[in-house]
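**Q** what shape does this take:
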Amino acid sequence: MKPACRRLVAAVALLSATAAVAAPYPTEDQLRSAIGTGAGALKTQGIELEMFDAQKEGLNLSLLAAGLNLDTGACLVFYNTKPAEGLSRFFDRLEEEDLPIWLNAIAVHEATHCVEQREAYLRQHFDKVLPPQLEHHDMTVQGYLSVVKSGAVETWGEALADIASVLYLKEAVPERWTYFAQGIVALRRDLAARSPEHDTSMWLRQVIALTPARNPDQDLFEAAFRLRRQFQPK
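**A** Below is the predicted model:
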């Protein structure tokens, strides 16, 4: 299971240091509501979502975590309302009215990882999930897994999930989407020295500046796949 993007949560703190009304740590209802947003997005891909309480399952996961069940094809999302070390102060700096938007964007980010895992491990669409500079014609599931474990496509995968989050924000909060999207960019750049493999800002700047309205016949995830390849840094 991929841990929820702690760094995405941290971005909220970077943008909301002057919040008027602090948001408390996310509750179960808030997290389940956000996961519901992710579930709605996944329906366009024919992927079912199942949500679980990480604490009840005995899993040490913070906030949100998602992964694809390769046997059933369902996206499993675990939530955890137990404040994680270091995250509480970030939520304390948020404006309460903005919290659901951030949580929804995080849920979409996590759901996107399930979509990519489905394309790789079940459909074996390696031309879709691998960067164009990596050979995919003779790729196998085991070979792809080795590439993933090597870290060679970590930034590539995070870029897809972040782009999907931006596309979600553009449609969910059209009047303020650039504010939230720039927050993701600020976060990625701020943490680039410590986590360069998660720096997707070069993609996101282009997407924010140049992305036209999404084709109504193309769902959010397919649009994200296209934009990731289109705006891949040279």
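
**Q** before we move on, which element is the residue of the chain positioned farthest from its centre in?
**A** Distance from the C-alpha centroid of the chain, by C-alpha atoms, centre = their mean, peaks at Asp138 (28.7 Å). For Asp138, there is no helix or strand it lies in under DSSP states H and E.

**Q** ok, it to Tyr144 distance?
**A** Asp138 sits at a distance of 11 Å from Tyr144 (criterion: C-beta to C-beta, to the nearest Å). (Each C-beta comes from the backbone N, C-alpha and C, glycine too.)

**Q** quick one, strands of this protein?
**A** For the chain, the strands defined by DSSP state E cover 2-3, 49-53, 63-68, 75-80.

**Q** and the last one with strand 49-53, angle?
**A** The one in question is strand 75-80. Angle, strand 75-80 to strand 49-53, by axes from the mean of the first three to the mean of the last three C-alpha atoms, to 10 degrees: 20 degrees.

**Q** do the same with the third one
**A** With the same axes, to 10 degrees as the criterion, the two stretches strand 63-68 and strand 49-53 enclose an angle of 140 degrees.

**Q** partner strands of strand 63-68, with direction?
**A** strand 2-3 (antiparallel), strand 75-80 (antiparallel) (DSSP bridges).

**Q** and of those, who's closest to Ser195?
**A** strand 2-3 (12.8 Å; C-beta to C-beta).

**Q** quick check: mean pLDDT of the closest one?
**A** Mean per-residue pLDDT for strand 2-3: 47.

**Q** give me the neighbour count for Lys56.
**A** Close neighbours of Lys56, defined as other C-beta atoms under 10 Å, add up to 9.

**Q** least confident secondary structure element in the protein?
**A** helix 6-15 (a mean of 42; mean pLDDT, DSSP states H and E).

**Q** what are the ranges of the helices in the chain?
**A** 6-15, 28-42, 88-92, 99-117, 126-129, 141-150, 154-172, 177-190, 201-210, 220-230 (DSSP state H).

**Q** deepest-packed of the ones you listed, please.
**A** Among those, the stretch with the highest mean neighbour count (mean count of other C-beta atoms under 10 Å) is helix 99-117, at a mean of 25.

**Q** rank the strands paired with strand 63-68 by pLDDT, which is bottom?
**A** strand 2-3 (a mean of 47).

**Q** relative to Leu227, how far out is Ala209?
**A** Here Ala209 is placed at a distance of 12 Å from Leu227 (C-beta to C-beta).

**Q** which regions of the chain sit below the pLDDT cut-off?
**A** 1-23, 85-87, 89-90, 191, 212-214 (pLDDT under 70).

**Q** ok, now which ones touch Trp177?
**A** Val166, Leu169, Lys170, Glu171 (C-beta atoms under 8 Å, 6 or more residues apart in numbering).

**Q** re earlier: now do the phi/psi pair for the residue farthest from the centre of the chain.
**A** phi -110, psi 20 (degrees, to the nearest 10).

**Q** look up how far Gln133 lies from the residue most central in space within the chain.
**A** Nearest residue to the geometric centre of the chain (C-alpha atoms, centre = their mean): His109, 1.7 Å. Using C-beta to C-beta, His109 is found at 24 Å from Gln133.
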